[in-house]
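Engineer: Need a 3D model of the sequence below.
(one chain, ligands or ions: 1)
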Amino acid sequence: MPQPGLRPGARHSPGPRKLRGMSSAIPLNVGIARSAGGVKTEADGGKRVLLAEPRGYCAGVDRAVETVEKALEKHGAPIYVRKEIVHNRHVVETLRERGVVFVDDTDEVPHGAVVVFSAHGVSPAVHEAAAARDLHTIDATCPLVTKVHQEAKRFARDDFDILLIGHEGHEEVEGTAGEAPDHVQLVDGPDAVDRVTVRDESKVIWLSQTTLSVDETMETVQRLRERFPSLQDPPSDDICYATQNRQVAVKAMAPECDLVIVVGSRNSSNSVRLVEVALGAGARAAHLVDYAREVDPAWLEGVRTVGITSGASVPDILVRGVLDMLAEYGFGEVQPVTTANETLVFALPRELRTARR
Ligand code: SF4
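Structural biologist: Numbers count the residues shown, from 1 in each chain. Okay, here's the model as predicted:
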């Protein structure tokens, strides 16, 4: 049975696509809805919470967590998962309690055992290593990560130099780069652009990790284009809909916030980016927490408006914990800030497909 709170059952849609030429402008459909009890304005001296929507689980995380749950049901514990299935402490700890063994690599998995590959994707070398150990693999790679893998393969086949914008050491980047190691160079932010070298300036394309800051990525692309004017764009946005939507929502509320609390783990790229985006959009302070107990009451001193959001790997039960904690400090008024509605669902890996909950 699913762990209460681990999967909210929410379904998501891609929402607006905004990467190409995306500005910091807030879309016109932003609304700060009034809660039933009426809004306490700053003029009233009232404390309030602005709650970003969308926030939390994306379609890829929902699918990955359900994949592990279904694998547990079908094969029984232990199930092995290479790396964290998604970058969230609560999700990982909950699944561990249910019999999931998280490993760093396939050589830690017993011969013939079941191993799930995480939402962040793996390189072909990892598939080969698993096959060499006769592992029963189940691939929970997010389809939007797989899309970037396909792009890397395609442009490598056409002998392009591929400039992959992303964070060094992130599992997703390692997986994508591993599709075409002879053609891919990692570009870890604007300051890395000067170190890039290419063979033929007329055959250069940029791709990216799915969970980056849209604005910082566009800055990196701009710098790359100054060096390589023929630089090609990816066929479609690589920064995924969920990352973009969560950044748009936090930008909408941040200018009104004395404090933004992002619920998410430190190794969650998209969660860390939400803190940066909040600060960049005008929040006076922003902090990342895994749990409500990590909120320091000192952060609330002199604060009237707190913004809350969460990364794409965060179950909403953790956000509710923060809301409950804030209510104890007088922040009982909660106003949603809605910038998109998400309904997208990804099918489970074929071998696990039955009726979804
Ligand atoms: S954040 Fe985006 S790419 Fe990552 S799992 Fe979610 S939908 Fe997929």
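Engineer: Any idea how many residues pack against the one residue in the chain that gets nearest to the ligand?
Structural biologist: In the chain, the residue that lies nearest the ligand is residue 60 (2.5 Å; Cβ to the nearest ligand atom). All C-beta spots, glycine's among them, are computed from the backbone N, C-alpha and C. Residue 60 is flanked by 27 other residues according to other Cβ atoms under 10 Å.
Engineer: Which residue is the nearest non-sequential neighbour of residue 133?
Structural biologist: Among residues not flanking residue 133 along the chain, residue 111 sits closest, at 5.4 Å (Cβ to Cβ, 6 or more residues apart in numbering).
Engineer: ok, the one you found touching residue 132?
Structural biologist: No: between residue 111 and residue 132 there is no contact under Cβ atoms under 8 Å: 9.8 Å.
Engineer: for the residue of the chain closest to the ligand, phi and psi?
Structural biologist: phi -70, psi -40 (degrees, to the nearest 10).
Engineer: who's in contact with the residue nearest to it when sequence neighbours are not counted?
Structural biologist: Sequence neighbours aside, residue 142 is the residue nearest to residue 60 in space, at 3.0 Å (criterion: Cβ to Cβ, 6+ apart). When contacts are counted by Cβ atoms under 8 Å, 6 or more residues apart in numbering, residue 142 touches 59-61, 63-64, 119-121, 210, 240, 346.
Engineer: What of residue 160?
Structural biologist: 183, 203-205, 232.
Engineer: One more pass at 6 Å, please.
Structural biologist: Residues counted as contacts of residue 160 (Cβ atoms under 6 Å, 6 or more residues apart in numbering) are 203, 205.
Engineer: which other helices and strands contact the helix or strand that residue 72 is a member of?
Structural biologist: For residue 72, the host element (DSSP states H and E) is helix 59-75. Counting by 3 or more Cβ pairs under 6 Å, 6 or more residues apart in numbering; DSSP states H and E, the packing neighbours recorded for helix 59-75 are strand 114-117.
Engineer: Starting from the strand it packs on, tell me which strands it pairs with and how they run.
Structural biologist: In the sheet, strand 114-117 lines up against strand 79-82 (parallel), strand 136-139 (parallel) (DSSP bridges).
Engineer: Please identify the most buried of the ones you listed.
Structural biologist: strand 79-82 (a mean of 25; mean count of other Cβ atoms under 10 Å).
Engineer: For that strand, what does the pLDDT average out to?
Structural biologist: For strand 79-82, mean pLDDT is 98.
Engineer: And for it, what's in contact with it?
Structural biologist: For strand 79-82, the external contacting residues (Cβ under 6 Å, 6+ apart) are 71-72, 100-103, 109, 113-117.
Engineer: Going by neighbour count, which of the residues you listed comes out on top?
Structural biologist: Each of the contacts of strand 79-82 was scored by neighbours using other Cβ under 10 Å; the highest score is residue 116's, at 28 neighbours.
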